[in-house]
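> Here is a sequence with its predicted model. Questions after.
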Amino acid sequence: MTRVLATGTFDILHPGHVYFLSQARALGDELFVIIARDSNVTHKPKPIIPEEQRLEMVDALRTVDKAILGSEKDIFEPLKEIRPDIIALGYDQHFEIELLEKELTKRGLPAKVVRIPLSKECPLCSTGAIIKEVLKRYG
Ligand SMILES: Cc1cc2nc3c(=O)[nH]c(=O)nc-3n(C[C@H](O)[C@H](O)[C@H](O)COP(=O)(O)O)c2cc1C
Ligand SMILES: Nc1ncnc2c1ncn2[C@@H]1O[C@H](COP(=O)(O)OP(=O)(O)OP(=O)(O)O)[C@@H](O)[C@H]1O
């Protein structure tokens, strides 16, 4: 069994998320997902949807075997239990593949890190774009 792990905020689900998760799932036999904690989303505006609700939506997807809330303190902590063989990184996730693989090996959690490309264009395949459209119409 090859276990794949994907991570992200997944605020306001859209087909770009579905594409990312199905490409990640296709890399192995089962897909685990770590949902970013509200307190850790500091690289962009705070999520609209609270973490428990983001978790519920991702966990309900057909491609996802198990979704959990991440750690608030240490991104490597949940990996000790999940023990993924492959980690799927999104096209815009700010991690460097070789550096992340090195950090994982250092902690006794070796995994192959694979970058998933951007999906083909779709009108609102980005949380930021959805929020902008809502503000344009209702703001
Ligand atoms: C291997 C790995 C483990 C992660 N674990 C956590 C975690 O435990 N808690 C958390 O809040 N974020 C964790 N993250 C970070 C986020 O889930 C996410 O990658 C980050 O917020 C940037 O992606 P985004 O732009 O989709 O939010 C982890 C990321 C990676 C690559
Ligand atoms: N259109 C897309 N194609 C492929 N992957 C995507 C797409 N949209 C999001 N993803 C991936 O899904 C994961 C979670 O996405 P995230 O929560 O950052 O949403 P987002 O729509 O990219 O948000 P924002 O618009 O605020 O950047 C990330 O790893 C991201 O790379």
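It's in. Ligands and ions are numbered 1, 2, ... in the order given.

> Could you tell me how many residues sit around the closest residue to ligand 2 within the chain?
Proximity to ligand 2, evaluated over the chain using C-beta to the nearest ligand atom, is greatest for Gly90 at 1.8 Å. C-betas here are computed from N, CA, C, even on glycine. The number of residues packed near Gly90 is 21, by other C-beta atoms under 10 Å.

> Equivalent analysis for Thr63, please.
Thr63 sits with 16 neighbouring residues when counted by other C-beta under 10 Å.

> cool, and the one 3 residues further on?
Summarising burial for Lys66: neighbours were counted as other C-beta under 10 Å, giving 13.

> Residues touching stretch 110-126, excluding its own?
5, 14-16, 19-20, 23-24, 27, 79, 84-92, 95, 97, 100-101, 104, 130, 133 (C-beta atoms under 8 Å, 6 or more residues apart in numbering).

> the strands in this structure, which residues?
Assigned by DSSP state E, the chain shows strands spanning 3-8, 30-35, 66-69, 86-89, 112-115.
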